[in-house]
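Participant: no FASTA, just this:
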């Protein structure tokens with residue numbers, strides 16, 4: 001069976017609830033998108049500082065239920081929040097699904113000193129963290145992802161898809 005690479009995102013509309021989206025590609029550069037999935041949850045837990053994953057995981061579970069198994073997931077955010085392994089969303093997702101997770105964050109997090117800065121299409125870096133594969137491989141993968149902009153096309157697409165879910 002061919003490998004399946006996924007990118008996921010969650011959006012919180014003003015009307016409430018959460019909208020999750022996933023795109024699936026046949027290659028780690030996400031140059032060949034083969035499927036898209038969306039899910040809407042009418043109710044989600046309120047935001048809790050330090051426990052963002054409690055709000056995100058239910059929406060991600062809903063979209064994974066539609067998509068089935070994948071071999072690697074890219075998220076918009078951090079896998080772990082510090083070099084000691086304090087879990088972020090990506091690490092919690094990895095515990096649930098058991099496949100490598102690559103985190104791509106747009107802003108530096110003060111304690112994430114282990115994140116690898118990757119520059120694409122400009123001077124401002126992205127901050128890459130990972131679990132289930134070596135960090136240098138994850139950073140190289142993000143650098144090689146399709147698109148000429150700072151944000152890889154896959155993350156731009158999945159963000160737009162999450163924001164357009166009805």
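Facilitator: That came through fine. Computed from a predicted model, the values in this text were never measured in an experiment.

Participant: can you name every helix or strand that the helix or strand where residue 55 lies contacts?
Facilitator: Secondary structure from DSSP states H and E places residue 55 in helix 53-67. Judged by 3 or more C-beta pairs under 8 Å, 6 or more residues apart in numbering; DSSP states H and E, helix 53-67 is in contact with strand 5-11, strand 18-25, strand 33-41, helix 89-97. For the C-beta atoms, the positions are set from N, CA and C on the backbone; glycine is no exception.

Participant: 10 Å instead, please
Facilitator: The contact analysis (3 or more C-beta pairs under 10 Å, 6 or more residues apart in numbering; DSSP states H and E) places helix 53-67 against strand 5-11, strand 18-25, strand 33-41, strand 72-76, helix 89-97, helix 153-164.

Participant: could I get those as TSV with mean neighbour count, distance to residue 60 and mean pLDDT?
Facilitator: Formatted as TSV, the helices and strands packed on helix 53-67 follow (neighbours: other C-beta atoms under 10 Å; distance: least, C-beta to C-beta, whole Å; pLDDT from 0 to 100):
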stretch	mean neighbour count	distance to residue 60	mean pLDDT
strand 5-11	26	6	97
strand 18-25	24	6	97
strand 33-41	17	9	96
strand 72-76	24	9	97
helix 89-97	20	6	94
helix 153-164	20	11	96
